[in-house]
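coords below, sequence missing:
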């Protein structure tokens, strides 16, 4: 089944919340197999905001939100019919929930799911979904759901601006290998035309081939040349000397040794293969 975004409708409902919840949960025994939990969910959602995902006349998923206070809410329960998994229905529901909460001035959204300390194929997928949606693990509660079902709490900051820094590179693979080794990070995306590294929760570093941006923007950007600085990526790290030396070993050009700077940092500068300047810094304070 190939469900396009245009086929999917997300909306808030104010009635029939219990039946909607029950029908979908009972269709997912590998995720919701405990009868007492299903009964509790059916009861709980009736007093909570609920958003549904539908295509045509069929409701294919829902999310119910528990408002803990004026700033923090929790995904109390979310479920999507299995035949609609991997069709971005869950993504659309979470994004709609975030928009709903942001419009009401909420700052944080949390969710609980099964911890990785108990291997489970279905819940491994659920946990990875929430991680991909920008949630961060906070704490494991080993007995909250009983000793056989360790609970993982994840949380996400709402209204967060996600910054993407895109560097244009002449050789995508060479630059991918270089930045992966310097930053000690694996790319979260590495496909022809774009490599991405997650520097922090709100900052993505991208590597785009020069040919790709030329195809996108045409002749408006002129020709690329190396040797002259293009842009600067200023990174606060715990060990600037070590990363500086490692980048030199990996082929970067030394520009300025790590030293104390008058703005309060200890920083060193190198240039990558394409003329991008990297600064590795740590605060002197």
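Great, that's in hand. Predicted, not measured: the structure shown is a model, and the values here were computed from it.

Could you use CA atoms for every contact and neighbour count after this?
Fine.

can you give me the helices for the stretch 151-285 of the chain?
In the stretch 151-285 of the chain, the segments counted as helices under DSSP state H, counting those that start in this stretch are 172-183, 210-217, 240-249.

could you dump the ones you listed to CSV with mean pLDDT and mean neighbour count?
Output for the helices of the stretch 151-285 of the chain, formatted as CSV (pLDDT from 0 to 100; neighbours: other C-alpha atoms under 10 Å):
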stretch, mean pLDDT, mean neighbour count
helix 172-183, 96, 17
helix 210-217, 80, 14
helix 240-249, 95, 18
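
So which of these is nearest residue 204?
Nearest to residue 204, of all the helices of the stretch 151-285 of the chain, is helix 172-183, at 12.6 Å by C-alpha to C-alpha.

tell me the angle the closest one makes with helix 210-217.
Orientation check (axes from the mean of the first three to the mean of the last three C-alpha atoms, to 10 degrees): helix 172-183 against helix 210-217 gives 110 degrees.

centroid residue for the protein?
residue 134 (3.1 Å; C-alpha atoms, centre = their mean).

just checking, it touches residue 198?
No. Using C-alpha atoms under 8 Å, residue 134 is not in contact with residue 198, being 10.8 Å away.

Any idea how far apart the tips of stretch 47-57 sit?
The straight-line separation of the ends of stretch 47-57 (C-alpha to C-alpha, to the nearest Å) is 24 Å.

Please list the outside residues in contact with that stretch.
By C-alpha atoms under 8 Å, 6 or more residues apart in numbering, the list of residues contacting stretch 47-57 from outside reads 7-14, 17, 59-67, 89, 93, 96-97.

again, only this time at 6 Å
For stretch 47-57, the external contacting residues (C-alpha atoms under 6 Å, 6 or more residues apart in numbering) are 7-13, 59-65.

Of those, just say which sits nearest to residue 110.
For the contacts of stretch 47-57, the nearest to residue 110 is residue 65 (9.7 Å; C-alpha to C-alpha).

Next one: the closest one relative to residue 93, how far apart?
Residue 65 is 11 Å from residue 93, by C-alpha to C-alpha.
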